[in-house]
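# Build me a model from this:
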Amino acid sequence: MCVQTLSSSLLLLAASSAFESHLPGHWTPRALLSITYLAVCATALTYQLLFWLLSRVPLAVIGVMPLLDTLVAVLLGVVMLGERVDASLLMGGALILSSAALANLPSSPPAPAPSEPTGTSTGAGPLASSPRRAA
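Modelled structure (predicted):
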């Protein structure tokens with residue numbers, strides 16, 4: 001995981017220097033603190049918690065977490081930033097919650113295999129051929 005994150009970071013750094021080198025950048029203490037927070041808390045700590053959870057929580061629950069993250073982010077935007085709530089926001093939230101609920105439904109037991117009617121089995125298996133009768 002570390003190799004993937006570092007290699008992605010190098011690609012993003014190269015893309016940033018290629019496409020954004022003409023834009024001004026200000027390395028203030030607040031900007032450096034923000035980058036450090038994102039690197040440590042939002043990336044490294046999150047991966048550590050994910051790997052800790054993998055052995056303790058069913059995989060279906062972990063798969064739903066990104067859906068719920070999106071919902072929490074939108075709700076925080078509404079509460080903290082005063083974003084407008086409209087029909088599309090409510091519909092999106094309903095879709096997220098319903099997909100999370102569907103992903104966590106208990107699985108149904110597998111259907112039993114169909115049984116052969118009595119008297120038709122040759123005992124030689126499904127690929128056995130029956131002898132032909134002369135007419």
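# What residue, apart from its backbone neighbours, is nearest the most centrally placed residue in the chain spatially?
For the chain, the residue nearest the mean C-alpha position is Gly63 (4.3 Å; Cα atoms, centre = their mean). Leaving aside its sequence neighbours, Gly63 sits nearest to Ala103 (Cβ to Cβ, 6 or more residues apart in numbering; 6.2 Å). The C-beta positions use only the backbone N, C-alpha and C, and glycine is treated the same way.
# check contacts around that neighbour.
Taking Cβ atoms under 8 Å, 6 or more residues apart in numbering as the criterion, Ala103 is in contact with 60, 63-64.
# try 10 Å this time
Ala103 sits next to 59-61, 63-64, 67 when contact means Cβ atoms under 10 Å, 6 or more residues apart in numbering.
# Name the member of those with the most neighbours.
Counting neighbours by other Cβ atoms under 10 Å, Val64 leads the contacts of Ala103 with 19 neighbours.
# Show me what the helix or strand of the chain with the lowest mean pLDDT packs onto, helices and strands only.
Least confident helix or strand, the chain: helix 59-81 with a mean of 84, by mean pLDDT, DSSP states H and E. Judged by 3 or more Cβ pairs under 10 Å, 6 or more residues apart in numbering; DSSP states H and E, helix 59-81 is in contact with helix 46-54, helix 87-103.
# What angle do helix 46-54 and it make with each other?
140 degrees (axes from the mean of the first three to the mean of the last three Cα atoms, to 10 degrees).
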